[in-house]
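> fold the following, please.
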Amino acid sequence: MRFSRPTFASPFKRVLFWFALVPVLVAIAPRLESPGSALERISHFPLQGAYGGLVLLIVVFILRQRPGSGWIFGFVVVGLVGDFVWLFPFLPTKDGVSQEVQGERIKIVQMNVLTINRHFAAVNGWLLGTDADVIVLEEVNSLWISELTPLLKKYPYRVARPRNDNFGSAIFSRHPISQSRVVSLPVIPVPAVFLELKFKGTRIRLAGAHAPPPLSNRAVATRNEGLAMLTLWRLDEPEVPSILAGDLNITPYNARFRKFIRDSGLIDPRRGRGLTPTWPGLLPRQVQVPIDHILHDKKFRTISLETGPRIGGDHLPLIAVLELKK
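Model (predicted):
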């Protein structure tokens with residue numbers, strides 16, 4: 001059987017054909033563990049690829065009687081199906097609905113404050129109002145640490161590593177911190193914070209991390225090596241309940257994230273609850289991506305996961321309520 005090459009009657013149809021390839025590339029990219037920085041970046045946008053595919057589908061339907069439309073239609077459909085494969089696990093289901101109280105609950109807030117943000121009072125007020133047990137912050141510098149002093153009245157336990165390069169970190173806790181350490185991620189030395197909490201008689205391990213955005217192969221390598229380091233942390237004492245919170249600059253569709261989840265045994269609470277996107281907070285929800293995470297092991301179950309308001313930063317805060325299984 002021979003297939004004829006696509007023919008296009010106008011430059012517009014040629015442009016449309018190349019646009020039709022975009023949803024296909026977006027669907028393929030999450031399957032690749034080492035796609036290079038360009039494909040790495042588009043691997044995080046299957047939702048946006050699906051939106052674009054639907055628009056193209058409407059255009060192709062209008063032009064369906066013209067030469068080349070069949071090829072464009074085929075690519076668009078393949079791209080839509082591929083993008084939906086990545087989105088399907090995150091559709092809200094009955095399994096994602098919270099149940100009655102069965103054990104002790106811990107509330108975690110994850111927030112990238114944005115170093116240049118100056119809405120200190122608003123951030124303090126909102127964080128105090130969440131009544132969280134633990135607050136994990138990224139992009140804090142010395143000024144932010146100073147301005148967050150009001151939190152110490154409610155959160156007397158703190159580990160902070162302020163920096164002026166957008167990679168400072170801090171964790172505030174209402175519960176005693178029995179031990180802590182700050183370790184630099186490989187390749188690009190950005191800090192990750194590891195600590196242990198005494199939570200109502202239970203020992204809990206918690207990590208806070210901020211990976212660099214995947215704007216270069218070096219940054220991608222840092223993030224990937226950081227995920228490998230976090231896997232080792234998780235497997236070091238698997239019998240102890242563990243939580244990881246941070247701006248990991250990776251979406252749950254990405255091959256490296258899925259490998260991290262498999263290897264570490266951590267659970268992504270977004271599955272079955274919706275995407276809960278967090279960045280960029282300035283834009284409509286439809287174009288945001290979920291790059292901030294609160295992950296936990298099987299000793300917890302997720303009661304709720306939601307985003308907070310944008311308070312001067314470029315990320316939305318993420319709030320999770322977790323319950324220790326009896």
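> where are the low-confidence patches of the stretch 51-200 of the chain?
For the stretch 51-200 of the chain, applying pLDDT under 70 flags the ranges 64-68, 94-99.
> which segments of the protein make up each domain?
The chain is divided into the following domains under automatic domain parsing: 11-90, 94-324.
> in JSON lines: those domains, plus mean neighbour count.
(Each C-beta comes from the backbone N, C-alpha and C, glycine too.) Below are the domains of the chain laid out as JSON lines (neighbours: other Cβ atoms under 10 Å):
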{"stretch": "domain 11-90", "mean neighbour count": "18"}
{"stretch": "domain 94-324", "mean neighbour count": "18"}
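> skipping its backbone neighbours, what lies nearest residue 296 in space?
residue 243 (5.0 Å; Cβ to Cβ, 6 or more residues apart in numbering).
> neighbouring strands for the one helix or strand the one you found maps to, and are they parallel or not?
Assigned by DSSP states H and E, residue 243 belongs to strand 242-247. Partners of strand 242-247 in the sheet, by DSSP bridges, are strand 202-210 (parallel), strand 292-296 (antiparallel).
> wait, which of these is closest to residue 45?
For residue 45, the closest of the strands paired with strand 242-247 is strand 292-296, at 16.2 Å, according to Cβ to Cβ.
> how far does that closest one sit from its chain's centre?
7 Å (Cα atoms, centre = their mean, to the nearest Å).
> so how far is whatever helix or strand comes next after it off the chain centroid?
Using DSSP H and E, the helix or strand that directly follows strand 292-296 along the chain is strand 300-307. Relative to its parent chain, strand 300-307 has a centroid offset of 14 Å by Cα atoms, centre = their mean.
> tell me what angle strand 300-307 forms with strand 242-247.
20 degrees (axes from the mean of the first three to the mean of the last three Cα atoms, to 10 degrees).
> what mean pLDDT does strand 300-307 get?
Averaging the model's pLDDT scores along strand 300-307 yields 96.
> ranges for the helices of the chain?
11-28, 37-42, 46-62, 69-87, 120-130, 142-147, 217-236, 255-264 (DSSP state H).
> mind giving me the packing neighbours of the first one?
To tie it back to what came earlier, the one meant is helix 11-28. helix 37-42, helix 46-62, helix 69-87 (3 or more Cβ pairs under 8 Å, 6 or more residues apart in numbering; DSSP states H and E).
> closest to residue 116 out of those?
Shortest distance between residue 116 and these, using Cβ to Cβ, is found for helix 37-42: 23.3 Å.
> on that earlier part again, dump the strands paired with strand 242-247 into TSV; add distance to residue 112 and mean pLDDT as well.
Formatted as TSV, the strands paired with strand 242-247 follow (distance: least, Cβ to Cβ, whole Å; pLDDT from 0 to 100):
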stretch	distance to residue 112	mean pLDDT
strand 202-210	7	97
strand 292-296	7	98
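> would a markdown table of those with distance to residue 83 be doable?
Converted to a markdown table, the strands paired with strand 242-247 look like this (distance: least, Cβ to Cβ, whole Å):
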| stretch | distance to residue 83 |
| --- | --- |
| strand 202-210 | 28 |
| strand 292-296 | 21 |
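> go through the ones you listed and name the closest to residue 151.
So among the strands paired with strand 242-247, strand 202-210 is nearest, using Cβ to Cβ, at 15.1 Å.
> any idea which residue is closest to the centre of the protein?
When Cα atoms, centre = their mean is applied to the chain, the residue found nearest the centroid is residue 291 (2.3 Å).
> which one of the helices of the chain lies nearest to residue 311?
Smallest distance to residue 311 across these (Cβ to Cβ): 4.9 Å, for helix 120-130.
> distance from the chain centre to the closest one, please.
On the basis of Cα atoms, centre = their mean, helix 120-130 sits 22 Å off its chain's mean C-alpha point.
> who touches it?
107, 109, 111, 113, 117, 135, 144, 147-148, 150-151, 154, 308-309, 311-312, 317, 319 (Cβ atoms under 8 Å, 6 or more residues apart in numbering).
> sorry, back to before: ok, now which ones touch the residue nearest to the centre of the chain?
Residue 291 touches 44, 247-251, 278-279, counting by Cβ under 8 Å, 6+ apart.
> pull the CA atoms of stretch 234-246 into PDB?
Taking Å, rounded to 0.1, in the frame of the first residue of the first chain, the C-alpha atoms of stretch 234-246 are listed here in PDB:
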ATOM      1  CA  ARG A 234      13.300   8.300  51.400                       C
ATOM      2  CA  LEU A 235      14.700   4.800  51.200                       C
ATOM      3  CA  ASP A 236      17.200   5.400  54.100                       C
ATOM      4  CA  GLU A 237      14.500   4.800  56.700                       C
ATOM      5  CA  PRO A 238      11.400   3.600  54.900                       C
ATOM      6  CA  GLU A 239       9.700   2.600  58.100                       C
ATOM      7  CA  VAL A 240       9.400   6.200  59.300                       C
ATOM      8  CA  PRO A 241       6.500   8.300  57.900                       C
ATOM      9  CA  SER A 242       7.900  10.700  55.300                       C
ATOM     10  CA  ILE A 243       6.800  13.900  53.500                       C
ATOM     11  CA  LEU A 244       8.500  15.900  50.700                       C
ATOM     12  CA  ALA A 245       7.400  19.400  49.900                       C
ATOM     13  CA  GLY A 246       8.900  21.900  47.500                       C
END
